[in-house]
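**Student:** Sequence first, then the predicted structure:
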Amino acid sequence: MNMQYSIVGSGPVGRTLAGLFARTGIDVQVANSRGPESLAAITAELGQHVIPATLEQALEADVIFLAVGFMRVQSVAIKLPDWAGKIVVDVTNALQPAEAQETKLRGLLSSEINADFLSGAKLVKAFNHLPVQRLGTNPPISGQRQAVFVSSNDADASTTIAALAARLGFAPIELGRLNQGGAALHVLSGSQGGLLFQNLVKLD
Ligand SMILES: NC(=O)c1ccc[n+]([C@@H]2O[C@H](COP(=O)([O-])OP(=O)(O)OC[C@H]3O[C@@H](n4cnc5c(N)ncnc54)[C@H](OP(=O)(O)O)[C@@H]3O)[C@@H](O)[C@H]2O)c1
């Protein structure tokens, strides 16, 4: 099946993700809250594979990267009454104590809270563990690929995003369910999971 991809958010993270698609030659729609006209500079920089879209258009994709602030997820979630069938890649981090406080994380993973908003979606936590300046920027050394961790309660969705990560040039490492291996990708009770900010490479 020919999957359609989109990125919601055109800040540093959305832009970097779009660049990964562009360099691989995979079409991706990008949307933000200000509309497609505001994305002209990104298209000019990244080229034809990056397609400016309205939020509504972006939400028609099969795989949607959520690259918005953690506290903005609900504002995106309400745009679709039913997320069934969608794979949502949760790139958000609830890193600020104020964010964690406000939503009362209290031991819940940010992705579990997001999954509640995105009713029916297959949520995959991935591409969130590195400072964005590091994502996809490792020197191209033969036989070494930057690790990207993938976690989901839906095994098929995890496999799909791992395969996409491999196409985008990474070494995907599947961690299993969110509350198991995936906890290492989250902020929990004010402390960060052990894989956050770890810039690791896999030797092929
Ligand atoms: N910075 C990092 O190193 C890093 C690394 C990994 C993960 N993260 C996480 O990635 C996420 C994005 O980070 P960022 O630094 O790129 O954030 P950012 O600069 O705040 O950009 C957020 C983007 O989301 C868009 N947005 C917000 N609400 C929206 C809505 N309802 N509909 C459509 N678009 C909406 C904004 O649109 P406008 O442009 O129109 O305002 C903006 O383009 C955060 O959750 C962050 O914690 C960050």
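**Tutor:** Great, that's in hand.

**Student:** residues from this protein in reach of the ligand?
**Tutor:** By CB under 6 Å from any ligand atom, the residues of the chain that approach the ligand are 8-14, 31-34, 55, 67-70, 72, 75-76, 91-93, 95, 128, 131-132. Quick note: C-beta positions are derived from backbone N, CA and C, even for glycine.

**Student:** Buried ones in the lengthiest strand in the chain, by neighbour count?
**Tutor:** In the chain, with assignment by DSSP state E, the single longest strand is strand 144-152. Within strand 144-152, the residues scored as buried using 16 or more other CB atoms under 10 Å are 145-152.

**Student:** Equivalent analysis for stretch 129-144, please.
**Tutor:** 129-130, 132, 135-136, 138.

**Student:** Figure out the length between the terminal residues of that stretch.
**Tutor:** Distance between the two ends of stretch 129-144: 18 Å, counting by CA to CA, to the nearest Å.

**Student:** Residues contacting that stretch, please?
**Tutor:** Residues outside stretch 129-144 that contact it (CB atoms under 8 Å, 6 or more residues apart in numbering) are 12-13, 16-17, 19-20, 23, 127, 145-146, 148-149, 168-170, 185, 195-199, 201-204.

**Student:** now these: which count as buried?
**Tutor:** For the contacts of stretch 129-144, a burial check counting by 16+ other CB under 10 Å picks out 13, 16-17, 19-20, 127, 145-146, 148-149, 168, 170, 185, 195-196.

**Student:** What is the nearest of these to residue 162?
**Tutor:** residue 148 (8.3 Å; CB to CB).

**Student:** And the residue lying closest to that closest one once chain neighbours are set aside, how close does it get to the ligand?
**Tutor:** Nearest residue to residue 148 in three dimensions, chain neighbours excluded: residue 170, at 4.1 Å (CB to CB, 6 or more residues apart in numbering). Plainly put, residue 170 is 14 Å away from the ligand if you go by CB to the nearest ligand atom, to the nearest Å.

**Student:** Quick check on residue 170: phi, psi?
**Tutor:** phi -100, psi 170 (degrees, to the nearest 10).

**Student:** give the contact list for it.
**Tutor:** 136, 145-148.

**Student:** let's see it at 6 Å
**Tutor:** By CB atoms under 6 Å, 6 or more residues apart in numbering, the residues touching residue 170 are 145-146, 148.

**Student:** would a markdown table of those with pLDDT and distance to residue 175 be doable?
**Tutor:** Below are those laid out as a markdown table (pLDDT from 0 to 100; distance: CB to CB, whole Å):
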| residue | pLDDT | distance to residue 175 |
| --- | --- | --- |
| 145 | 95 | 17 |
| 146 | 96 | 16 |
| 148 | 97 | 11 |
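
**Student:** Pick out whichever of these sits closest to residue 38.
**Tutor:** Among those, and counting by CB to CB, the member closest to residue 38 is residue 148, at 28.2 Å.

**Student:** is it true that the closest one touches residue 165?
**Tutor:** Yes. The criterion here is CB atoms under 6 Å, and residue 148 meets it with residue 165 at 4.6 Å.

**Student:** Show me the common contact partners of these two, please.
**Tutor:** With CB under 6 Å, 6+ apart, residue 148 and residue 165 have common neighbours residue 172.
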